[in-house]
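Novice: how would this look folded up:
(one chain, ligands or ions: 2)
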Amino acid sequence: MGEKKKKIVKTIKVDLDKCNGCRACEVACSAFHAAPKYSSNNPARSRIRVIHEPLRDVYVPVYAGEYAKAECMGRDKYVIDGKEYDECSFCRASCPSRDLFKEPDSGLPLKCDMCEDDPPQEKPLCVQWCLNDALTYEEREEEVEEEVKQEDVERGLDSMIDKYGLDKVMDTVTRMALSKKG
Ligand code: SF4
Ligand code: SF4
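Specialist: Ligands and ions are numbered 1, 2, ... in the order given. Purely as a prediction, here's the structure:
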């Protein structure tokens with residue numbers, strides 16, 4: 001068993017019944033992440049997008065999640081209040097099958113970072129600007145096993161492999177291991 005360490009888990013609870021589709025969250029997020037901060041706003045750069053399908057009459061704020069290099073093999077289909085939504089409608093991934101959660105100019109993936117800032121924001125910007133209280137921010141402390149670090153290593157290696165290729169990364173690791181031994 002590894003050592004325990006404390007971790008802050010941040011959550012944003014989304015209450016669909018309170019969301020009226022005003023899109024203030026999209027504007028606030030894109031302005032906060034503009035460079036320089038607040039210099040512009042463009043919902044296409046937001047890390048939260050409000051999915052609306054008029055015929056089915058629901059607004060669903062969806063947060064940008066992980067980058068996916070390839071389309072996944074399966075497809076999600078949601079039924080809410082008896083109404084069926086299009087495939088992938090509420091998926092959080094920035095994936096090649098659609099334009100959602102990609103920087104409009106560069107195509108780089110966007111991911112919600114919970115408005116990390118220094119000094120930290122009291123609440124994420126989308127929560128602050130949702131005047132209908134559809135978004136509620138919560139933090140809790142959890143004890144986690146040190147093994148979590150292994151996931152961090154794997155994630156880091158994954159992105160290195162994406163960037164430089166498996167062979168290059170393997171060569172470098174082997175060379176470093178040999179030089180440490182020798
Ligand atoms: S938490 Fe911050 S980064 Fe994430 S969607 Fe809301 S405003 Fe954007
Ligand atoms: S600001 Fe709140 S009410 Fe407006 S679209 Fe976003 S989540 Fe919905």
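Novice: strands of the chain, residue ranges please.
Specialist: Secondary structure of the chain (DSSP state E): strands at 4-14, 48-52, 59-63, 79-80, 83-84, 135-145.
Novice: mind giving me TSV with those strands and columns for distance to Glu122?
Specialist: (Glycine included, C-beta is placed from N, CA and C.) Converted to TSV, the strands of the chain look like this (distance: least, Cβ to Cβ, whole Å):
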stretch	distance to Glu122
strand 4-14	12
strand 48-52	18
strand 59-63	19
strand 79-80	32
strand 83-84	36
strand 135-145	9
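Novice: Arg23: neighbouring residues, count only.
Specialist: 18 (other Cβ atoms under 10 Å).
Novice: out of everything not next to it in sequence, what's closest to it?
Specialist: Closest residue in space to Arg23, ignoring its immediate chain neighbours: Val50 at 5.4 Å, by Cβ to Cβ, 6 or more residues apart in numbering.
Novice: what of Lys6?
Specialist: The nearest residue in space to Lys6 (Cβ to Cβ, 6+ apart) is Glu141, at 5.6 Å.
Novice: for the one you found, give me the pLDDT.
Specialist: If you check Glu141, the pLDDT there is 94.
Novice: backbone dihedrals for the spatially most central residue of the chain, both of them.
Specialist: By Cα atoms, centre = their mean, the chain has its centre lying nearest to Gly65, at 2.8 Å. Phi and psi for Gly65, reported as degrees, to the nearest 10, are phi -110, psi -140.
Novice: nothing else from me, thank you.
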